[in-house]
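Colleague: Just need the structure, nothing else, for what follows:
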Amino acid sequence: MRPKVSIREALEDPRLLGNVLAGPTWFAWRVILIAAMGEPLNEDERAIFRQLTGREKEPLERVDELWGVVGRRGGKTRSVATLATYLAGFCDYSKMLAIGERGLVLCIAQNQRQAAVAFSYAAGIFRSVPALEQLIERETADTLALRNGIDLEVRAASFRGLRGVTAVAVIADEAAFWAVDGSVNPDSEILNAVRPSLATTRGPLLVISSPHARRGEVWATYRRHFGMPGDPRVLVLQGASTTMNPSLPQSVVDRAIERDPAAASAEYLAQFRVDLEPFVSREVAEAAVDTGVFERPFISGIAYHAFVDPSGGSHDSMTCGIAHAEKRVLVLDAIREFRPPFSPEAVVADIAELLRCYHLTNVTGDRYGGEWPRESFSRHGVTYLLSERTRSELYQALLPELNSRNVALLDNQRLLAQLCCLERRTSRGGRDLIDHGPGNSDDLINSGAGALLLALPAIAQDTDIGGMISVDDGEYAGQFHRVTPGWGLPRGGW
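Modeller: Got it, this is the predicted structure:
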């Protein structure tokens, strides 16, 4: 990469980027961008650099990664979009790109819509600066093609969809809210997928986010590299919203702190939340999985229980779990997910058919949709019962069973990921609340947990004779059933 003009010159020249981050309110961001590009700072700039990074002086070499832990409305997306615009429009990559190869400025986020925010800023800068506008060759909703062989492009954050490209810069927006370890698409795998794409161009990875829980790649990088002990080629800054954007009214921050101090400390003060922690460790969750068992067949004489998480078919999945108890083990037999968009009535029919396979005529669920679930299931001969527990209470009741290894889950990676991504937070009243984190979902584990806990009362009725299960269930009383091989039993408590 060979800059045609220094970034300081570009940010000071109104014919270039001088009007993009102009004025005293953008001073802190200009300092960070100049330092990130390896250019020297003056004493006034160095003072704010120390405050934001915990380092005594600027790196004096281009950084490989810039991580911004910044409060909301702190200008982070617009600022890194400006840096990406500079890298795309004012730097030469001709010696680093093969003939016919195009370099990419990738804007990635949890979803395409979020990623488009940074892209829109960058595209707007190109259209508003005459020196850059003449570089535009073609523009679509998610791509800006430049005459110098560089494309700006929007993509959703997926470690499978980001391989095989050559990037000159990657913007990772709100990365603290991406799914973390335990997900099928974790933040670590996404970032590991894009780093090699920057290797030949020496372009930077630009990760920006408001902080969230003390886990994930944003937290791990902050712990390793913020301040003096950090890698000089990995620059981490931490700035409150009003520090990075002095034009933000302090009254906005004060009211947020009054409403919810824990949330506001992250949203506006850029502090990682201490009131959030993982609900269950991945080791405990994985220990509950019966590897290679995807669904268990119906067995006569077993008392099965079903739980459904309804959905209207537009946004969330609709799921159903079926479980039973064997001695001290809660066994998940089936779990089904219907992803949107779908017809709710058609899905209810499919779930009713699944229930018939396990000889069930009732299903339990929450109060979603008022009378709709009850009426829909009744048309298929199924009674819809209301759950006595909230989803948070379901998870709380499931935890001791998981820790005691009294749960046998199916080999379903989405179910496992949702279990691992549950978060425990303490409310202002001191109550523990358990729910999925931002950007995640819990439809599958909600149905699974509900079905497993419905089976819990049956444990006290079972008796164990020589590794066989006695079931007191009408015409099947006194019959015995061996545990099916491959179920991963026995577990704790036997």
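Colleague: residue ranges of the helices in the stretch 1-150 of the chain, please?
Modeller: 7-12, 27-36, 43-53, 76-89, 112-128, 130-133 (DSSP state H, counting those that start in this stretch).
Colleague: Equivalent analysis for the stretch 251-400 of the chain, please.
Modeller: Secondary structure of the stretch 251-400 of the chain by DSSP H, counting those that start in this stretch: the helices cover 261-267, 282-287, 344-357, 372-378, 391-403.
Colleague: Just put those helices in TSV and tack on mean neighbour count, mean pLDDT and distance to residue 205.
Modeller: In short, each C-beta sits where N, CA and C put it, glycine included. Converted to TSV, the helices of the stretch 251-400 of the chain look like this (neighbours: other CB atoms under 10 Å; pLDDT from 0 to 100; distance: least, CB to CB, whole Å):
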stretch	mean neighbour count	mean pLDDT	distance to residue 205
helix 261-267	19	85	23
helix 282-287	15	88	26
helix 344-357	17	95	41
helix 372-378	18	93	46
helix 391-403	19	91	35
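Colleague: Could you dump these into JSON lines with distance to residue 174 added?
Modeller: What follows is the helices of the stretch 251-400 of the chain, written out as JSON lines (distance: least, CB to CB, whole Å):
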{"stretch": "helix 261-267", "distance to residue 174": "12"}
{"stretch": "helix 282-287", "distance to residue 174": "23"}
{"stretch": "helix 344-357", "distance to residue 174": "31"}
{"stretch": "helix 372-378", "distance to residue 174": "34"}
{"stretch": "helix 391-403", "distance to residue 174": "25"}
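Colleague: Compare those helices and give me the one nearest residue 189.
Modeller: helix 282-287 (14.4 Å; CB to CB).
Colleague: now for that closest one, which elements pack on it?
Modeller: Under the contact definition 3 or more CB pairs under 8 Å, 6 or more residues apart in numbering; DSSP states H and E, helix 282-287 sits against helix 391-403, helix 413-420.
Colleague: Export these as TSV, with columns for distance to residue 192.
Modeller: Listed next are the helices and strands packed on helix 282-287 as TSV, based on distance: least, CB to CB, whole Å:
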stretch	distance to residue 192
helix 391-403	29
helix 413-420	17
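Colleague: Any idea which of those gets closest to residue 358?
Modeller: Nearest of the helices and strands packed on helix 282-287 to residue 358, taken as CB to CB: helix 413-420 at 18.0 Å.
Colleague: Quick check: which helices or strands does the closest one pack against?
Modeller: helix 282-287, helix 443-454.
Colleague: Just tell me which of those ends up closest to residue 240.
Modeller: Per CB to CB, nearest to residue 240 of these: helix 282-287, 32.6 Å.
Colleague: returning to what we had before: the helices and strands packed on helix 282-287: which one's closest to residue 78?
Modeller: Closest to residue 78 of the helices and strands packed on helix 282-287, according to CB to CB: helix 413-420, at 32.8 Å.
Colleague: Report the buried residues of that closest one.
Modeller: Buried residues in helix 413-420, counted by 16 or more other CB atoms under 10 Å: 414, 415, 416, 417, 418, 419, 420.
Colleague: Strands along the stretch 151-300 of the chain, start to end?
Modeller: 167-173, 205-209, 234-239, 276-278 (DSSP state E, counting those that start in this stretch).
Colleague: Which one of these lies nearest to residue 194?
Modeller: Closest approach to residue 194 among the strands of the stretch 151-300 of the chain is made by strand 167-173 (4.9 Å; CB to CB).
Colleague: What mean pLDDT does the closest one get?
Modeller: Averaging pLDDT along strand 167-173 yields 87.
Colleague: How far off centre is that strand?
Modeller: 18 Å (CA atoms, centre = their mean, to the nearest Å).
Colleague: For it, name the packing helices and strands.
Modeller: By 3+ CB pairs under 8 Å, 6+ apart, strand 167-173 packs against helix 76-89, strand 103-109, helix 112-128, helix 187-194, strand 205-209.
Colleague: My understanding was that residue 343 contacts residue 314; is that so?
Modeller: No. Applying CB atoms under 8 Å, one finds residue 343 not in contact with residue 314, separated by 11.0 Å.
Colleague: mind checking which of the helices of the stretch 251-400 of the chain is nearest residue 366?
Modeller: Between residue 366 and the helices of the stretch 251-400 of the chain, the tightest spacing by CB to CB is seen for helix 391-403, at 7.2 Å.
Colleague: which is the next helix or strand following that closest one?
Modeller: strand 407-408 (DSSP states H and E).
Colleague: For that next one, name the packing helices and strands.
Modeller: Secondary-structure packing of strand 407-408 (3+ CB pairs under 8 Å, 6+ apart): strand 329-338.
Colleague: Give the partner strands of the strand it packs on in its sheet and their orientations.
Modeller: In the sheet, strand 329-338 lines up against strand 318-326 (antiparallel), strand 407-408 (parallel) (DSSP bridges).
Colleague: what's the most buried one of these?
Modeller: Greatest average neighbour count among the strands paired with strand 329-338 goes to strand 318-326 (a mean of 28), per mean count of other CB atoms under 10 Å.
Colleague: State the number of residues packed around the closest residue to residue 289 other than its chain neighbours.
Modeller: Of all residues not flanking residue 289 in the chain, residue 409 sits nearest, at 4.9 Å (CB to CB, 6 or more residues apart in numbering). By other CB atoms under 10 Å, the residues close to residue 409 number 25.
Colleague: Look up the closest residue to residue 143, ignoring the ones flanking it.
Modeller: residue 153 (5.0 Å).
Colleague: And that neighbour, how far from residue 131?
Modeller: Look at residue 153 and residue 131: by CB to CB, to the nearest Å, they are 22 Å apart.
Colleague: what do you get for residue 50?
Modeller: Using CB to CB, residue 50 is found at 34 Å from residue 131.
Colleague: distance between stretch 108-125 and the chain's centre?
Modeller: Distance of stretch 108-125 from the chain centroid (CA atoms, centre = their mean) equals 17 Å.
Colleague: what's the burial count for the closest residue to residue 418 other than its chain neighbours?
Modeller: Spatial nearest neighbour of residue 418, chain neighbours left out: residue 445 (4.2 Å); criterion: CB to CB, 6+ apart. Using other CB under 10 Å, residue 445 has 31 other residues around it.
Colleague: ok, residue 445 touching residue 414?
Modeller: No. Counting by CB under 8 Å, residue 445 stays clear of residue 414, with 9.0 Å between them.
Colleague: ok so, going back, neighbour-wise, which of residue 153 and residue 131 wins?
Modeller: Neighbour totals were compared for residue 153 and residue 131, and residue 153 leads with 20 against 15 (other CB under 10 Å).
Colleague: Would you confirm that that one contacts residue 107?
Modeller: Yes. Using CB under 8 Å, residue 153 is in contact with residue 107, at 7.0 Å.
Colleague: Give the residues shared as contacts by the two.
Modeller: With contacts defined as CB atoms under 8 Å, 6 or more residues apart in numbering, the residues shared by residue 153 and residue 107 are residue 119.
Colleague: Any stretches of this structure with poor pLDDT?
Modeller: Applying pLDDT under 70 to the chain flags the ranges 158-164, 179-185, 275-276, 426-432, 438-439, 458-494.
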